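Novice: sequence and computational prediction follow.
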Amino acid sequence: MKNRTFIALILFIFPFFLLFFPADGKSQWIESYSSIPPITGSAWFEFDFSSADTGYLAVNQYWSVSVGFNYQILKTTDGGVSWNSGDFPVQSTDSPMGAYVIDISVPDADTFFYTTRDYFNFLYRWTRQGGFSGYKLLGAFPRDLSAVNGQEAYVLTKGYSPDDMAVYYFNGDSVHKVFESSAYMADQYSKIFFITRQVGFIVVKDLSQAVVLLKSLDGGNTFTPVTLPSGMTVNSLFFVSENSGFIAGGGGKIYHTTDQGTTWQQLNTGTSASFNSINFADPITGIAGGSGGTAIITADGGQTWQSEPGVGNLTTARIFSPTNAYICNNSFFPTFFKGIYPVSAPSGEYPSLSIYPNPVEDQLVVDIPGQGATLPGFVLSGITGISVMSGTLGVSHVIGMSQLPAGVYFLKVFLPGSTIIRKIIKK
């Protein structure tokens with residue numbers, strides 16, 4: 001009996017041991033915000049960032065049968081070092097059970113959207129100029145939210161019937177239903193992601209409970225099925241452009257498409273964990289998080305991944321650079337973490353490396369003071385992450401770009417022991 005009690009105690013303490021003493025002996029993540037729920041209730045988070053410094057956090061709490069739910073919105077402007085409620089009041093309603101936040105989406109520093117579960121369900125928008133405004137979602141339970149910009153957003157909902165779903169569009173003034181179907185259902189794992197006002201995707205289930213990816217090219221008015229890789233269960237998706245996107249799911253699987261889902265390339269993640277969230281800062285810099293504290297980062301469009309393990313079940317991940325990312329643990333005693341990653345150039349090597357002019361018109365100069373006789377390699381990729389030029393830098397360290405069309409490119413320079421990545425604007 002004593003042995004059983006001892007084992008139970010170890011199992012209870014072990015998650016907290018991992019929280020402060022990661023298995024690899026080094027701290028990859030710094031705790032930014034945590035909430036210990038009351039004994040009779042629970043707490044969980046929804047968050048999003050508009051930049052590496054500015055983000056918004058919804059703290060949901062269930063207190064008791066008599067009090068029900070409530071939530072509070074917090075803001076950080078220093079990358080999660082501190083959080084404050086500012087002018088955001090604790091939200092409560094006249095509903096017998098209060099309300100809680102389903103999802104939050106932050107398109108810019110001065111605007112955020114969020115959806116709530118209430119006696120009636122709402123889409124809210126907050127702007128610095130206008131404060132809060134709420135829009136009722138009639139007959140619909142919000143599942144996921146996607147803000148296109150500060151004026152437009154889409155909400156994926158479940159109806160009160162078990163086998164129907166709908167998509168709502170917010171145009172800056174009002175919310176209206178643009179799509180409804182009884183052939184699909186939206187559960188807690190369903191997702192919506194609109195890249196532009198016209199192009200978007202939803203992850204739902206058909207009536208046999210099979211996961212389905214649907215694509216819209218007309219602002220959500222119609223959706224058509226996208227063929228998924230065999231055996232793929234999609235838990236999260238993210239598109240960096242209208243054509244280039246990623247899906248992540250069970251079994252450590254991540255796939256990449258460059259043609260809106262017509263074809264898919266499986267990426268080698270090096271894990272069999274189930275991914276709950278995938279996010280990209282640009283076509284080459286991404287993060288995926290999931291079960292068992294699995295967190296992996298890529299700096300080359302998903303061709304290779306570096307493991308940066310977190311703690312618990314990671315439900316949300318956001319990234320802005322290989323050295324600045326965020327993950328959220330919404331499992332046992334949910335804790336919000338800010339990610340601090342090792343920089344790509346070890347020990348601060350090549351601090352004076354400069355790449356100019358940027359924007360560039362004809363020739364791009366890569367100036368590496370103190371570089372020896374070895375000629376560094378480089379890869380220049382387009383906005384979709386596909387390489388458009390590669391080779392070694394000549395003795396003059398000049399890359400000719402006059403033949404390339406205007407747009408955004410990403411340059412990777414391979415130096416001894418490190419890889420330098422820069423965004424390049426071609427005029």
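Specialist: Nice, I can see it. Predicted, not measured: the structure shown is a model, and the values here were computed from it.
Novice: distance between the ends of stretch 298-314?
Specialist: Stretch 298-314 has an end-to-end distance of 17 Å (criterion: CA to CA, to the nearest Å).
Novice: average model confidence for that stretch?
Specialist: Averaged across stretch 298-314, the pLDDT comes to 89.
Novice: got it, and stretch 214-234?
Specialist: For stretch 214-234, mean pLDDT rounds to 96.
Novice: same question for stretch 364-378.
Specialist: Mean pLDDT, computed over stretch 364-378, is 75.
Novice: same check on stretch 87-100?
Specialist: Averaged across stretch 87-100, pLDDT comes to 68.
Novice: from what I see, residue 265 and residue 254 are in contact.
Specialist: No - checked against CB atoms under 8 Å, the pair residue 265 and residue 254 is beyond contact range at 9.7 Å. (Glycine included, C-beta is placed from N, CA and C.)
Novice: for these two, indicate the residue with more neighbours.
Specialist: residue 254 (25 against 12; other CB atoms under 10 Å).
Novice: quick one, phi/psi of that one?
Specialist: Here is the backbone geometry of residue 254 (degrees, to the nearest 10): phi -130, psi 130.
Novice: what sits against it?
Specialist: Residues counted as contacts of residue 254 (CB atoms under 8 Å, 6 or more residues apart in numbering) are 246, 247, 248, 266, 267, 269, 275, 278, 288, 302.
Novice: likewise residue 109?
Specialist: 50, 51, 54.
Novice: related to what we said a few turns ago, which among the contacts of residue 254 end up buried?
Specialist: For the contacts of residue 254, a burial check counting by 16 or more other CB atoms under 10 Å picks out 246, 247, 248, 267, 269, 275, 278, 288, 302.
Novice: so which of the residues you listed is the closest to residue 44?
Specialist: If you rank the buried ones among the contacts of residue 254 by distance to residue 44 using CB to CB, residue 275 comes first, at 19.0 Å.
Novice: how close does the nearest residue to residue 293 once chain neighbours are set aside get to residue 227?
Specialist: Spatial nearest neighbour of residue 293, excluding adjacent residues (CB to CB, 6 or more residues apart in numbering): residue 310 at 4.3 Å. For residue 310, the distance to residue 227 (CB to CB, to the nearest Å) stands at 33 Å.
Novice: list the residues that contact the residue most central in space within the chain.
Specialist: Nearest residue to the geometric centre of the chain (CA atoms, centre = their mean): residue 279, 3.6 Å. If you count contacts by CB under 8 Å, 6+ apart, residue 279 has them with 238, 286, 287, 288, 317, 318, 319.
Novice: what strand or helix carries it?
Specialist: Element membership for residue 279 (DSSP states H and E) is strand 275-280.
Novice: pLDDT averaged over stretch 31-46, what's the number?
Specialist: Across stretch 31-46, pLDDT averages out at 77.
Novice: end-to-end on it?
Specialist: With CA to CA applied, stretch 31-46 spans 16 Å between its terminal residues.
Novice: before we move on, back to that, among the contacts of residue 254, which are in helices?
Specialist: Of the contacts of residue 254, none are assigned to helices by DSSP state H.
Novice: would JSON lines of those with distance to residue 159 be doable?
Specialist: Supplementary listing: the contacts of residue 254 in JSON lines, determined by distance: CB to CB, whole Å:
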{"residue": "246", "distance to residue 159": "29"}
{"residue": "247", "distance to residue 159": "25"}
{"residue": "248", "distance to residue 159": "27"}
{"residue": "266", "distance to residue 159": "35"}
{"residue": "267", "distance to residue 159": "35"}
{"residue": "269", "distance to residue 159": "35"}
{"residue": "275", "distance to residue 159": "28"}
{"residue": "278", "distance to residue 159": "28"}
{"residue": "288", "distance to residue 159": "31"}
{"residue": "302", "distance to residue 159": "36"}
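Novice: what touches both of residue 265 and residue 254?
Specialist: Contact criterion CB under 8 Å, 6+ apart; no residue bridges residue 265 and residue 254 by contacting each.
Novice: show me where the stretch 201-350 of the chain has strands.
Specialist: Using DSSP state E, counting those that start in this stretch, the strands found in the stretch 201-350 of the chain span residues 211-216, 224-226, 234-239, 245-249, 254-257, 265-267, 275-280, 286-290, 295-298, 306-307, 314-321, 324-329, 335-339.
Novice: before we move on, the earlier item: the residue nearest to residue 293 reaches residue 289, doesn't it?
Specialist: Yes - using CB under 8 Å, residue 310 is in contact with residue 289, at 6.7 Å.
Novice: which of those two has more residues huddled nearby?
Specialist: The neighbour comparison of residue 310 against residue 289 (other CB under 10 Å) goes to residue 289, with 33 against 24.
Novice: phi, psi of residue 393?
Specialist: Main-chain torsions, residue 393, degrees, to the nearest 10: phi -70, psi 130.
Novice: that one against residue 413, yeah?
Specialist: Yes - if you go by CB under 8 Å, residue 393 and residue 413 touch, sitting 7.3 Å apart.
Novice: common neighbours of these two, please.
Specialist: 366, 376, 377, 378.
Novice: residue 252 versus residue 189, what's the distance?
Specialist: Distance, residue 189 to residue 252, by CB to CB: 17 Å.
Novice: between the two, which is the more surrounded one?
Specialist: residue 252 (21 against 17).
Novice: OK, contacts around the more buried one?
Specialist: Contact partners of residue 252, counting by CB under 8 Å, 6+ apart, are 269, 270, 271, 272, 273, 274, 275, 294.
Novice: and the strand holding residue 279, how far out from the chain middle?
Specialist: 5 Å (CA atoms, centre = their mean, to the nearest Å).
Novice: got it, and stretch 179-188?
Specialist: Centre-to-centre, stretch 179-188 and its host chain are 23 Å apart (CA atoms, centre = their mean).
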